[in-house]
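Trainee: no FASTA, just this:
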């Protein structure tokens, strides 16, 4: 194996109250608390004593892929690994359908390019300077996007960190109404920076990472503040 083809992800999050975090994701994803899955991945929760946040990308052969990643210099301190089963489920009946993108921070542009581009073999799509030495880099892993922001707060450990998750909704307004009806704290729906999108933030600390919901722009939506 010399070329990887990773797809989907398991987002494994540390949480002080694993039950509360599981329940919070059950509300956001509109699934049972033991079935926190969408079409291209799932969420798991663990005690912080077991380690930091870890993202497992899907692969058909995790053993061979892990060996190859080891030869490419991937260390256990990085927040990424691989798995055969990402727990994905077809959820056509739900408004949230998939993980849209994962956001990481990295100590440098070179570190991000080496990890996500060279080691993980993700499709490196864009490198954009956004000021004061800060770069926004985009990679694609089949059906999801990996965004990496570099040059903001370099990690003393020299590793990347999972910063947040964006969930894809087929109807942002329907998701916003549903979460408001369940008592979830959210921002207002606003225009996204990506053309043709709208989004809102879910402000629930129990989710254990920054969380947004993003979806297509309505035909009658007026322009507003972007993020």
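Mentor: Yep, it's here. Keep in mind the model is a prediction, meaning the values are calculated, not measured.
Trainee: Is residue 175 in a helix, a strand, or coil?
Mentor: Using DSSP: H, G, I helix; E, B strand; the rest coil, the structure places residue 175 in helix.
Trainee: close enough to count as contact, it and residue 213?
Mentor: Yes - using Cβ atoms under 8 Å, residue 175 is in contact with residue 213, at 5.3 Å. Backbone N, C-alpha and C define where each C-beta goes, glycine included.
Trainee: Between those two, which contacts overlap?
Mentor: Residues within reach of residue 175 and of residue 213 at once, by Cβ atoms under 8 Å, 6 or more residues apart in numbering, are 96, 169.
Trainee: Find the residue closest to residue 36 in space, skipping its chain neighbours.
Mentor: Residue nearest to residue 36 in three dimensions, not counting chain neighbours: residue 43, with 4.1 Å by Cβ to Cβ, 6 or more residues apart in numbering.
Trainee: what's the longest strand in the protein?
Mentor: strand 96-106 (DSSP state E).
Trainee: Would you quantify the distance from the residue nearest to residue 36 to residue 152?
Mentor: Going from residue 43 to residue 152 by Cβ to Cβ, to the nearest Å gives 25 Å.
Trainee: which residues in this structure form helices?
Mentor: With DSSP state H as the criterion, the chain has helices at 18-29, 62-71, 109-112, 172-181.
Trainee: what residue is smack in the middle of the protein?
Mentor: residue 102 (2.5 Å; Cα atoms, centre = their mean).
Trainee: With adjacent residues omitted, what lies nearest to that one?
Mentor: Of all residues not flanking residue 102 in the chain, residue 146 sits nearest, at 5.3 Å (Cβ to Cβ, 6+ apart).
Trainee: Give me the neighbour count for the one you found.
Mentor: The number of residues packed around residue 146, counting by other Cβ atoms under 10 Å, is 26.
Trainee: List the residues that contact it.
Mentor: 101-102, 104, 116, 122, 138-140.
Trainee: Let me know the pLDDT of it.
Mentor: Predicted confidence (pLDDT) at residue 146: the value is 97.
Trainee: Where does pLDDT dip in this structure?
Mentor: 1-3, 91-92, 153-157, 219-227 (pLDDT under 70).
Trainee: Spell out, range by range, the strands that occur in it.
Mentor: Using DSSP E, strands in the chain cover 7-14, 37-38, 41-46, 54-58, 80-83, 96-106, 123-131, 134-141, 144-150, 161-169, 190-191, 197-202, 210-216.
Trainee: Which one of those lies nearest to residue 180?
Mentor: Residue 180 sits nearest to strand 197-202 of all the strands of the chain, at 10.0 Å, using Cβ to Cβ.
Trainee: how much does the closest one deviate in direction from strand 210-216?
Mentor: 150 degrees (axes from the mean of the first three to the mean of the last three Cα atoms, to 10 degrees).
Trainee: now strand 197-202, how far from the centre of its chain.
Mentor: Relative to its chain's centre, strand 197-202 lies at 14 Å (Cα atoms, centre = their mean, to the nearest Å).
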